[in-house]
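J.: Sequence first, predicted model second:
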Protein chains: 2
Amino acid sequence: MSDSRPVFFVSDHTGITAELIGKSLLSQFPGQAFTFVSLPFIDSQEKAEIAVRRIEAERARSHLRPLVISTLAEPELRHLIAQTDSLFLDIFPCFLQALETELGCPATPALGLAHGMSDAGQYRARMDAVNYALAADDGLATERYGQADLILVGVSRSGKTPTSLYMAMQYGLRVANYPLTPEDLERTELPECLRTYRSKLRGLSLSAERLAQIRAERRPDSRYASLPNCQAELQAAERMLRAAQIPIIETTQRSVEEIAALLKQSLATA
Amino acid sequence: MSDSRPVFFVSDHTGITAELIGKSLLSQFPGQAFTFVSLPFIDSQEKAEIAVRRIEAERARSHLRPLVISTLAEPELRHLIAQTDSLFLDIFPCFLQALETELGCPATPALGLAHGMSDAGQYRARMDAVNYALAADDGLATERYGQADLILVGVSRSGKTPTSLYMAMQYGLRVANYPLTPEDLERTELPECLRTYRSKLRGLSLSAERLAQIRAERRPDSRYASLPNCQAELQAAERMLRAAQIPIIETTQRSVEEIAALLKQSLATA
C-alpha cells in the first residue's frame, strides 16, 4: 500500500510562513507522498489542545509518523504540540536565539506580525497596488501610466495579468499591462501610449507552441489560437520590442513567482 | 545617528521563502531598523561571488554587521556566502537533516522547487483560479457560480476583490465575489443568483467608519461615502446575511492574508 505521510502546518496566525517553509523543505523529497493539513490561528491553550488531538488522531490512523512544521511563537503552546508523537520542526527558536545575541535585545513573540497589518502604510501600498493593477489591466487606464512602476507588454495571453497582480500583492509594485493587438503589430514602432515610458516597459514572451495551447483553451480551432498566427504575432512583438530596446522575459517554463522575481530584479538593476 | 542594519535575502531561486522567513523573524524585533536587500537567483559560483561582494561592500559602509538569511541549497554556494562577516542564518540544513532521518532518504537539493512549476497541475489550477476570480469579480459571470469554491458577498469596497485574487493565487481556490448593491439591500432576501449556492457564501463586513474612509478615497464628499449611508448599507447587509445564516467575517483590523486564511479554514470545517 502507498501511504501518504500526514504533514501539519501549525501557526498562531495565518500559517502562510509555516506552509511555505514546509513545502520548500519537502520539495527536496520528491519520492515521498504527503498529505497537508493547515492548522492556523492556534493562539490559545484550548486551540492547541484541539490541534494535539487532530495530530494524534492522524497518528493513530496512519502508518507513518506525522511531520509537524510549527511557527508558534508562544513557548507554552509549542510545548503542548511538541509532545505529540511526531517529527516536530520548530522553525523559529534557533534563529531567534542567534538574532537576540547579534542584535543585543530580546525577541518579542508578538503573534504573527508577518502577515498582519502591523505596517499599515506598507499594507495600504500593497492594496493600492492591487487596485492599480486591476484598473490598468489589459491596456486600460493608459493615462495613469505615469504612476506605474512597471508596464508589461506582450501579445494576448502571454501571462501579463497574473504577473501584474502577483507583483502588486507580493511586492506592492504598481504594474500596468498592455496587450499588443494585431493592429499594434502591423506597425514596427511602439504604440504611442507606451513611448514616453520606455524605461518602465518589460516584454513577456513565450514559445509559440505554449501560446497556441493556452489560446486554444479560450477559443479552440480559431485563427487566434492557430500555431502560425501565434508564431507571427510573437515574432512581430519581439521585433518591435527589440528595436525599442525593451528587455524581454521568456516565460514558457517559468511560474508567475519566478517571472515576478526576475522583473523585480530588472527594476533594481535598471 | 540611527543606523539601519542591512539584511540580505539570498536564494538560488525567487527568494520568496527567504524573505518571508526573514521578515517573520525580524518582526519580533520591533525596536530595530533594517534595510532589506533581495539577492535572488544565486545559482552559480560567479553569482555567489557577486553576492559576497555586495554583502562585504555593505559591511564596510555600515556600522552594523549585516544579517544574511539564506535558503541556498547547494553546499558550495552556502559556504561562499557564509564566509562573509555577517550573521549567517542558514534556513534549511538543520531541518533537512531531521527530515532525512525521519523519512529514511536523502534530500535532493533541487533548486527552488517551491515556487517553480514542478507541480504543473497544481500551478495550472492556481492560474485557472486567478482567471476565474477575474471573470467572476464584482457580480460578473454569475452563471459560473456552480464552479466556485467560495462566493464572497458584501457591500461595495468591503475587500472582496483583493481577497478573491489572493485566495486564487495562494491556494488555487475559485473565489467569485458579489457586491450587494443598494437595490439588493432594499430586499430582505438574498439576491436570486446567490440562493442556490448558500453553502459557498461568506459575508465580508467591516466598521462603518473604515468603510466611509475607504469609499471617500474613491468618491470624496459623496452620499456613497457618507457615514450614515455606510452604516445603513452595512446594517442591511448584515441583517440579510444573518437571516440566511451566512457566516460573516469581520475585516476591519485584518489583512487580506488573514481574511483568506480564515475563509479557507471556514471551508475546511464547513
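T.: Perfect, thanks for sending it. Since the structure is predicted, the reported quantities are computational estimates derived from the model, not experimental observations.
J.: Give the next helix or strand downstream of the helix or strand containing residue A:236.
T.: Per DSSP states H and E: residue A:236 is located in helix A:227-243. The element immediately downstream of helix A:227-243 (helix or strand, assigned by DSSP H and E) is strand A:248-250.
J.: so, in contact with chain B or not, the helix or strand that comes right after that following strand?
T.: Counting by DSSP H and E, the next helix or strand C-terminal to strand A:248-250 is helix A:256-268. Yes. Helix A:256-268 is in contact with chain B by Cβ under 8 Å from any Cβ of the partner chain, via A:256-258, A:260-262, A:264-265, A:268. Quick note: C-beta positions are derived from backbone N, CA and C, even for glycine.
J.: Same list, those, but as TSV with neighbour count please.
T.: Listed next are the residues of helix A:256-268 next to chain B as TSV, based on neighbours: other Cβ atoms under 10 Å in any protein chain shown:
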residue	neighbour count
A:256	24
A:257	23
A:258	22
A:260	27
A:261	27
A:262	20
A:264	21
A:265	16
A:268	11
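J.: quick one, what contacts the spatially closest residue to residue A:127 that is not a sequence neighbour?
T.: Setting aside the residues directly before and after it, residue A:127 is nearest to residue B:162 in space (Cβ to Cβ, 6 or more residues apart in numbering or on different chains), at 5.9 Å. Residue B:162 is in contact with A:127, A:130-131, A:169, B:256, counting by Cβ atoms under 8 Å, 6 or more residues apart in numbering or on different chains.
J.: Now do the host helix or strand of residue B:162, average pLDDT.
T.: Here residue B:162 sits within helix B:160-171, counting by DSSP H and E. Averaged across helix B:160-171, pLDDT comes to 95.
J.: what's the spacing between that helix and its chain's center?
T.: Helix B:160-171 sits 8 Å away from the centroid of its parent chain (Cα atoms, centre = their mean, to the nearest Å).
J.: For that helix, C-alpha coordinates in PDB please.
T.: In PDB, the C-alpha atoms belonging to helix B:160-171 read as follows (Å, rounded to 0.1, in the frame of the first residue of the first chain):
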ATOM      1  CA  LYS B 160     -13.900  41.200  -1.800                       C
ATOM      2  CA  THR B 161     -11.700  41.600  -4.900                       C
ATOM      3  CA  PRO B 162      -8.300  41.500  -3.300                       C
ATOM      4  CA  THR B 163      -9.400  38.600  -1.100                       C
ATOM      5  CA  SER B 164     -10.700  36.700  -4.100                       C
ATOM      6  CA  LEU B 165      -7.500  37.200  -6.000                       C
ATOM      7  CA  TYR B 166      -5.300  36.400  -3.100                       C
ATOM      8  CA  MET B 167      -7.100  33.100  -2.400                       C
ATOM      9  CA  ALA B 168      -6.800  32.200  -6.100                       C
ATOM     10  CA  MET B 169      -3.100  32.900  -6.200                       C
ATOM     11  CA  GLN B 170      -2.200  31.400  -2.800                       C
ATOM     12  CA  TYR B 171      -4.500  28.500  -2.500                       C
END
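J.: After it, which helix or strand is next? Please name it.
T.: From helix B:160-171 onward toward the C-terminus, using DSSP H and E, the following helix or strand is strand B:175-180.
J.: What helices and strands are in contact with that next one?
T.: Packing contacts for strand B:175-180, counted by 3 or more Cβ pairs under 8 Å, 6 or more residues apart in numbering or on different chains; DSSP states H and E, involve helix B:120-135, strand B:150-155, helix B:160-171, helix B:227-243.
J.: interface residues of the stretch 151-270 of chain A facing chain B?
T.: So the stretch 151-270 of chain A meets chain B at A:161-162, A:165-166, A:169-170, A:253-258, A:260-262, A:264-265, A:268 (Cβ under 8 Å from any Cβ).
J.: Swap in 7 Å and give it another go.
T.: A:161-162, A:165-166, A:169, A:253, A:255, A:257-258, A:261, A:265 (Cβ under 7 Å from any Cβ of the partner chain).
J.: Residue A:202 reaches residue A:266, doesn't it?
T.: Yes. In this structure, residue A:202 is within contact of residue A:266 by Cβ atoms under 7 Å, at 6.5 Å.
J.: what's the least confident stretch among the helices and strands packed on strand B:175-180?
T.: Here the helices and strands packed on strand B:175-180 differ in mean pLDDT, and the lowest is helix B:120-135 at a mean of 89.
J.: which residues sit against that one?
T.: A:161-162, A:165, A:255, B:117, B:141, B:144, B:147, B:164-165, B:168-169, B:172-175 (Cβ atoms under 7 Å, 6 or more residues apart in numbering or on different chains).
J.: Could you verify my assumption that residue A:158 touches residue A:204?
T.: Yes. Here residue A:158 lies in contact with residue A:204, judged by Cβ under 7 Å, at a distance of 4.5 Å.
J.: tell me, what's touching these two both at once?
T.: residue A:251.
J.: what about these two, which has more around it?
T.: For residue A:158 and residue A:204, the more surrounded residue by other Cβ atoms under 10 Å in any protein chain shown is residue A:158, and the numbers stand at 25 against 22.
J.: A strand includes the more buried one, no?
T.: No. Secondary structure assignment (DSSP: H, G, I helix; E, B strand; the rest coil) places residue A:158 in coil, not in a strand.
J.: ok, it to residue A:203 distance?
T.: 9 Å (Cβ to Cβ, to the nearest Å).
J.: Any stretches of chain A with poor pLDDT?
T.: Within chain A, the set of residues satisfying pLDDT under 70 comprises A:1-2, A:110-119, A:270.
J.: Break it down into its domains, please.
T.: A:5-115, A:120-268 (automatic domain parsing).
J.: and residue B:218, which of these is closest to it?
T.: Proximity to residue B:218, assessed across the domains of chain A by Cβ to Cβ, is greatest for domain A:120-268 (9.2 Å).
J.: Show the end-to-end separation of the closest one, please.
T.: Start and end residues of domain A:120-268 are separated by 24 Å (Cα to Cα, to the nearest Å).
J.: Looking at strand pairing, list the partners for residue A:9.
T.: When bridges are called by DSSP bridges, residue A:9 pairs up with residue A:38, residue A:69.
J.: Show the contacting residues for it.
T.: A:15, A:18-19, A:22, A:36, A:38-39, A:69.
J.: If we use 8 Å, what do you get?
T.: Here residue A:9 is in contact with A:15, A:18-19, A:22, A:36-40, A:69 (Cβ under 8 Å, 6+ apart).
J.: Write a PyMOL command that selects only the buried members of those.
T.: In PyMOL, a selection of the buried entries from those looks like this (16 or more other Cβ atoms under 10 Å in any protein chain shown):
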select buried, chain A and resi 15+18+19+22+37+38+39+40+69
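J.: for the stretch 1-150 of chain A, what spans make up the strands?
T.: Secondary structure of the stretch 1-150 of chain A, counting by DSSP state E, counting those that start in this stretch: strands at A:5-10, A:34-39, A:67-70, A:87-90, A:150-155.
J.: Now distance to residue B:63 too, for these, in TSV please.
T.: Compiled in TSV, the strands of the stretch 1-150 of chain A are given as follows (distance: least, Cβ to Cβ, whole Å):
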stretch	distance to residue B:63
strand A:5-10	39
strand A:34-39	42
strand A:67-70	35
strand A:87-90	33
strand A:150-155	34
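J.: closest one to residue B:94 among these?
T.: Closest among the strands of the stretch 1-150 of chain A, using Cβ to Cβ: strand A:87-90, at 8.9 Å.
J.: helices and strands around the closest one, which ones?
T.: strand A:67-70, helix A:75-82, helix B:93-103.
J.: Who does it pair with, and is each partner parallel or antiparallel?
T.: Sheet partners by DSSP bridges: for strand A:87-90, these are strand A:67-70 (parallel).
J.: Show me the contact partners of the strand it pairs with.
T.: With contact meaning Cβ under 8 Å, 6+ apart, strand A:67-70 is reached by A:5-11, A:18-19, A:21-22, A:25-26, A:34, A:55, A:78, A:81-82, A:84, A:86-91, B:99, B:102.
J.: Show me how far it is from its chain's centre.
T.: Using Cα atoms, centre = their mean, the offset of strand A:67-70 from its chain centre is 22 Å.
J.: Report the buried residues of that strand.
T.: Residues A:67-70 are the ones in strand A:67-70 that count as buried (16+ other Cβ under 10 Å).
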